[in-house]
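In: pasted the sequence and its predicted model underneath.
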Amino acid sequence: MIELTAANKGVSYERLPVRVSGVAVGYLESASGRGKHREHLFRYEPAISERLAVSLNMPVRAQPYTYEGIHPIFDMNMPEGHLRMALMNMFRKAVAGFDALQLLRVIGPYQLGRITLGQKRDKPMPGTSIQELLVHDGAQDLFDDLLETYAAYSGVSGVQPKVLVRADSGGDVTRLSHRGATHIVKAWQANQYPELATNEFFCLRAATYAGLDVAKHELSSGGKFLIVERFDVAEGGYLGFEDFCVLSGKVSDEKYDSSYEACARIINAYLPVERRARALQELFVSVALTTAIQNGDAHLKNFGLLYDHTGVDADIRLAPAFDLITTTAYLPKDHMALMLAGSKNWPKHKLLYNFGRISCGLGEAQVAQLLELVADGISKAAAELRQHMREADSFADIGTKMLSAWDKGTMRSLLDDKRRWVSLANV
């Protein structure tokens, strides 16, 4: 647990040092205003290399960057929901007027990606056994214990209950930096989204079968936790990661205010020419899968880019797929998170086809082949899901709703009129 000691209470809350890959590159400070409309300023230190920019859309320059609220790149990993509430409760009593900048000071040293904010902390995170979490997830209040231990180390966004943890099994990953987080542990609240971890697990299985690069993940034996390995870790340290919210110049509250066509434009704007075709193909598969499994939460923050640095020769690529859930299993009237062809309704085959052809630049035969690949991937994952339902009675209700959603989504979005009639005739 991070404590507000007498020493760090003396540090000014109005200015935060910012580091990229351990190098001090500038500082973030409060400017003017109050509350969420308070302006913040980021200024680079002199003579910073272009390879150490804090964001792909904030190149190194002498003039400061001023933003109403927290700049998107620093807002990106701000906790939401369960985790944010836990952190606010921990520190609000100790610090009067505990605000966003002060929250960044707490979680800033332990964020996802290569950026850290606040005072450098050399003390490593406490370790936990991933294998024990996978096997003993039924223990009462186990996630609450994890939250108490790791909340202040968890610079990760998202409403779903989750924390960053460090595996205690050793290995190169845990020695990369003082942050040391190796995995994200996701849980769920039974009164809101029962069996959410298992739901996401099988959606990720469908993505894997559909040919997408997927973050490594495991489901605990009782289905209480989904444990996801961090994908921003490289041999020499942490990679840069920016979600499409940041790359759109938006903060997390605006994550639903865009379109999948805009996601394609981001890929064309930021990826090197030689990587664009592959990335656009992956985007098309991701959107096709999203519509077929009825994932109504595929917003801007659930797409991102990875890179080694921000120089002209940066190696930039699309991040693996993550955060896939059949939301209509809980919200039957849910719709898409972003617009497609000007609508958030689940698209029919023709709209999805046009997206592939026009926005992603795919050939006619390629679109047909990829849609078939997605349908086949869903079919394979559905077979595993049915087997799991036979072995886990508690999942039967959500599993049944997922299968129904997948059938409906596949029929509406992946099959053209001819194949749909053939499929209906065989029912």
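Out: Sure thing, it's come through.
In: domain map for this structure?
Out: The chain breaks down by automatic domain parsing into domains covering 13-187, 254-425.
In: can I get those domains in JSON lines including mean neighbour count?
Out: All C-beta spots, glycine's among them, are computed from the backbone N, C-alpha and C. Below are the domains of the chain laid out as JSON lines (neighbours: other C-beta atoms under 10 Å):
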{"stretch": "domain 13-187", "mean neighbour count": "18"}
{"stretch": "domain 254-425", "mean neighbour count": "18"}
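In: weakest of those in terms of mean pLDDT?
Out: Ranked by mean pLDDT, these end with domain 13-187 in last place, scoring a mean of 69.
In: right, so of the domains of the chain, which gets closest to residue 193?
Out: Closest approach to residue 193 among the domains of the chain is made by domain 254-425 (5.4 Å; C-beta to C-beta).
In: how about the residue positioned nearest the centre of the chain, what does it touch?
Out: Central residue of the chain (C-alpha atoms, centre = their mean): residue 302, 4.7 Å from the mean position. Neighbouring residues of residue 302 by C-beta atoms under 8 Å, 6 or more residues apart in numbering: 243, 322, 323, 337.
In: about what we covered before: out of the domains of the chain, nearest to residue 227?
Out: For the domains of the chain, proximity to residue 227 was assessed by C-beta to C-beta; domain 13-187 is nearest, at 5.5 Å.
In: picking that back up, okay, the contacts of residue 302 in TSV with distance to residue 256 next?
Out: Converted to TSV, these look like this (distance: C-beta to C-beta, whole Å):
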residue	distance to residue 256
243	13
322	18
323	14
337	6
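In: pull the longest strand from the chain.
Out: Criterion DSSP state E: the longest strand present in the chain is strand 23-30.
In: and of the contacts of residue 302, the nearest to residue 195?
Out: Distance to residue 195, by C-beta to C-beta, is smallest for residue 323 among those, at 16.1 Å.
In: assign a three-state SS to the closest one, would you?
Out: When classified by DSSP: H, G, I helix; E, B strand; the rest coil, residue 323 comes out as coil.
In: surely it is in contact with residue 196?
Out: No. Applying C-beta atoms under 8 Å, one finds residue 323 not in contact with residue 196, separated by 11.1 Å.
In: in PDB, list the C-alpha atoms belonging to stretch 206-213.
Out: The C-alpha coordinates for stretch 206-213 follow below in PDB (Å, rounded to 0.1, in the frame of the first residue of the first chain):
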ATOM      1  CA  ALA A 206     -13.800 -16.300 -30.600                       C
ATOM      2  CA  ALA A 207     -11.400 -13.500 -31.500                       C
ATOM      3  CA  THR A 208      -8.500 -16.000 -31.400                       C
ATOM      4  CA  TYR A 209     -10.200 -18.400 -33.700                       C
ATOM      5  CA  ALA A 210     -11.100 -15.500 -36.000                       C
ATOM      6  CA  GLY A 211      -7.400 -14.900 -36.500                       C
ATOM      7  CA  LEU A 212      -6.900 -11.800 -34.300                       C
ATOM      8  CA  ASP A 213      -3.900 -11.100 -32.200                       C
END
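In: helix, strand or coil for residue 105?
Out: helix.
In: helix or strand right after the lengthiest helix in the chain?
Out: The residue-count maximum for a helix in the chain (DSSP state H) belongs to helix 364-391. Toward the C-terminus, helix 364-391 is succeeded by helix 396-409 as the next helix or strand (DSSP states H and E).
In: pull the distance from that following helix to the chain's centre.
Out: Relative to its chain's centre, helix 396-409 lies at 24 Å (C-alpha atoms, centre = their mean, to the nearest Å).
In: any chance of the domains of the chain in TSV, plus distance to residue 208?
Out: Formatted as TSV, the domains of the chain follow (distance: least, C-beta to C-beta, whole Å):
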stretch	distance to residue 208
domain 13-187	17
domain 254-425	7
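In: returning to that earlier point: which other helices and strands contact the longest strand of the chain?
Out: strand 15-20, strand 39-44, helix 100-107 (3 or more C-beta pairs under 8 Å, 6 or more residues apart in numbering; DSSP states H and E).
In: what residues of stretch 190-204 count as buried?
Out: 193, 194, 195, 196, 197, 198, 199, 200, 201, 202, 203, 204 (16 or more other C-beta atoms under 10 Å).
In: before we move on, back to that, which of the contacts of residue 302 sit farthest apart?
Out: 322 and 337 (14.2 Å).
In: at which residues are the helices of this protein located?
Out: Taking DSSP H as the criterion, the chain carries its helices at 6-9, 72-75, 81-91, 100-107, 130-135, 142-150, 196-209, 244-247, 260-270, 273-293, 349-354, 364-391, 396-409, 417-425.
In: residue 187: which of these is closest?
Out: Counting by C-beta to C-beta, residue 187 lies closest to helix 142-150 out of the helices of the chain; the figure is 4.3 Å.
In: now tabulate the buried residues of stretch 190-204 in a markdown table and tack on pLDDT and distance to residue 27.
Out: As requested, the buried residues of stretch 190-204 are exported to a markdown table (pLDDT from 0 to 100; distance: C-beta to C-beta, whole Å):
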| residue | pLDDT | distance to residue 27 |
| --- | --- | --- |
| 193 | 86 | 39 |
| 194 | 90 | 44 |
| 195 | 92 | 44 |
| 196 | 91 | 39 |
| 197 | 90 | 39 |
| 198 | 94 | 44 |
| 199 | 95 | 42 |
| 200 | 94 | 37 |
| 201 | 95 | 41 |
| 202 | 97 | 45 |
| 203 | 97 | 40 |
| 204 | 97 | 39 |
